[in-house]
Structures are given as C-alpha cells and as structure tokens.
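K.L.:
Here is my input; please provide its structure:
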Amino acid sequence: QQQQQQQQQQQQQQLQQEPQLQAQKPKQRHRQRKAQHNETTLSIVFDNSKEDEAGLHPALVGLAGGKQATYQSQMKEQDLKDRIIDDLVKCFGENAANPLDIVIKDWYKEPWAGGCPAAFTTTGAISTFSKDAVSPVGRIHWAGTETSHVWKGYLDGAVVSGERAAADVLAAHRRVLMEEAENASAVRIDSP
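P.N.:
So this is what the prediction gives:
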C-alpha cells in the first residue's frame, strides 16, 4: 500500500498542465469543501443486492465521512474492517459476522478527489467562480459534478455537466469549421 501511494505521488508530480491554467481555476477548487457525513463508522448503508437466475447476490454499500472518516483513514485496514463488521452485526445480526469480502475505498487518499466524492462551495464561491468553473481554457472544456447547474455532487449532475461540455465542444468545433469555410471562400478566385 505504501508503494502504491508513492507511485501515485510520483504520477502527480509528473503531471504538468500545458498551458498553465488561469489563476481563478485553482482558487475556485480551493473554495470547495468536501461534504461531511454523520459521525459513525458507517454513516449510511445501502442494500445493493442483485438477483438473477443463479439466485441472490447480497451486497451492502456503506459510506462514512467527516471526522470519523478522517480518523478511519489513519487506521490499519484490518482494524477498520473488524470495526465495520462489529457495526454491521449490531444492525443486521450474526448473519453479518462473516462477509465474503469487504472492500475499502478511502476517498481521502484519492489524489484527484481529495476526500468525499462530492463537494460544496463556501459562501461567495458560486457568485465569484461559477462562470469560471465551466469556461474553457483554450481547447480544454470542463465537466464534472461540481460544474453542473443541477444536482451538484451527484451522478446526475456529472451527466448533465458532461452533456453541457460536449455541446460546448461541438459548438466550438462548428465555429472553427465556419471560420475555415469563410476564409477558404474569401481566398478563392474564380476564373472566367
């Protein structure tokens, strides 16, 4: 795990932005704060079980956040798994004592998310940076749940944002094609 973290850090250091981003893009990102959840080992648990011809494939998805997630991020993975199992047994009984697997995704250690998968903006950030969040930098167009005008922080917002960015790219491409066509017709000389 330590080797994987070192590789991620090396990859981050190797990435450079050419051309450099406008000054307001990094500022806007720093004005966003990661969403906080309740202070329990698992703040919320979803039943993500699937059923098909082979039968039921039980699965639970749990989320934790806030100070508790920060604390859990420092725990040894097996200790965290044991604690989660204890909490699941309290909620669902002894049937939850022996899961087939527990997969931990620590969003605080994700280099591009920096914490919870959704963010909220601080006071004044929307009025100050909302246009900058979606305005292109050269040929780079921005999409993501935090740039959506609806459902910020959710998959629906990411989809809406992706559709908006795709439409912006197509419109920009059409403008380039129109300019090229106009320039080509202005240069053409008709012979008699």
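K.L.:
need the helices for this structure, in chain order.
P.N.:
Taking DSSP state H as the criterion, the chain contains helices spanning 2-14, 24-30, 66-73, 77-92, 125-134, 155-187.
K.L.:
comparing these, which gets the lowest mean pLDDT score?
P.N.:
When the helices of the chain are compared on average pLDDT, helix 24-30 comes out lowest at a mean of 46.
K.L.:
of all the helices of the chain, which lies closest to L42?
P.N.:
helix 77-92 (5.9 Å; CB to CB). No exception for glycine: its C-beta is placed from N, CA and C like everyone else's.
K.L.:
D47 is nearest to which of the helices of the chain?
P.N.:
With respect to D47, and counting by CB to CB, the nearest of the helices of the chain is helix 77-92 at 10.0 Å.
K.L.:
Quick one: list the elements packing against the closest one.
P.N.:
Counting contacts by 3 or more CB pairs under 8 Å, 6 or more residues apart in numbering; DSSP states H and E, the secondary-structure elements packed against helix 77-92 are strand 60-63.
K.L.:
List the neighbouring strands of the strand it packs on plus their orientation.
P.N.:
Looking at strand 60-63 with DSSP bridges, its paired strands and their directions are strand 44-47 (antiparallel).
K.L.:
so G153 touches T147, yeah?
P.N.:
No - using CB atoms under 8 Å, G153 and T147 do not qualify as a contacting pair, with a distance of 11.2 Å.
K.L.:
With neighbour numbers in mind, choose between those two.
P.N.:
Counted by other CB atoms under 10 Å, G153 and T147 do not tie: T147 has more neighbours, with 22 against 18.
K.L.:
ok, so what distance separates that one from V160?
P.N.:
Here T147 is placed at a distance of 9 Å from V160 (CB to CB, to the nearest Å).
K.L.:
cool, and G55?
P.N.:
37 Å.
K.L.:
what's around P111, how many residues?
P.N.:
Residues within reach of P111, counting by other CB under 10 Å, total 11.
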